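J.: give me the fold of what follows.
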Amino acid sequence: MTTSSQMRKKLALRCLVSLLVVALGSVVGITRLMAAGGETPLKVDYPFYPPAPKSQTQSLADTKSQGCVTCHVSSDRHTMHSNPAVVLGCTDCHGGDSTVQAPANHDAYVSISSRLRDDKKV
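T.: Okay, here's the model as predicted:
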């Protein structure tokens, strides 16, 4: 049979556990409220880019890639699309300005950056 002192100990333990649960819940709730208090949404104005065309000539697609390929020269194929029915220039999907060309010292820059990248692999 359980004595009254054992019953009081069980009741005290239950009260303590309940109090700890409430206290922990309060701390978690306050922390979540504080974290969200300083955030404000940013207003970002994105430029408009028209959707990629349904069809176009290879010549037009090449024009939309001419500046891109002056820097991005090492790729598996001339276009990233393996299906020859997909005729898209770089800027059709990636946006940007296809008239921008690589600077005159581009080869030196690529050589240096490649060596730095390769040194990190060692």
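
J.: find the nearest non-adjacent residue to the spatially most central residue of the chain, please.
T.: Nearest residue to the geometric centre of the chain (CA atoms, centre = their mean): H94, 15.2 Å. Excluding its sequence neighbours, the residue lying closest to H94 (CB to CB, 6 or more residues apart in numbering) is C68, at 7.8 Å. C-betas here are computed from N, CA, C, even on glycine.

J.: quick one, phi psi at the one you found?
T.: phi -60, psi -40 (degrees, to the nearest 10).

J.: so who does it touch?
T.: C90, T91, H94, G96, S98 (CB atoms under 8 Å, 6 or more residues apart in numbering).

J.: the last one: how many residues sit nearby?
T.: Counted by other CB atoms under 10 Å, the residues lying close to S98 total 20.

J.: now the helices for the protein?
T.: 4-37, 58-63, 68-71, 90-94, 106-121 (DSSP state H).

J.: in the second one, which residues are buried?
T.: Buried positions in helix 58-63, judged by neighbour count with 16 or more other CB atoms under 10 Å: A61, D62.

J.: could you give the mean pLDDT of that helix?
T.: Across helix 58-63, the average pLDDT comes to 92.

J.: repeat that for the last one.
T.: The predicted model gives helix 106-121 an average pLDDT of 58.

J.: what about Q101, how many residues nearby?
T.: So Q101, with other CB under 10 Å, has 13 neighbours.

J.: that one is in contact with V69, isn't it?
T.: No - with contact defined as CB atoms under 8 Å, Q101 does not count as touching V69 (10.0 Å).

J.: mind pulling the model confidence for the residue nearest to H94?
T.: At C68, pLDDT is 87.

J.: and it, how close does it get to L19?
T.: 64 Å (CB to CB, to the nearest Å).

J.: okay, P84: pLDDT?
T.: For P84, the model assigns a pLDDT of 83.

J.: distance of it from D92?
T.: For P84, the distance to D92 - CB to CB - is 16 Å.
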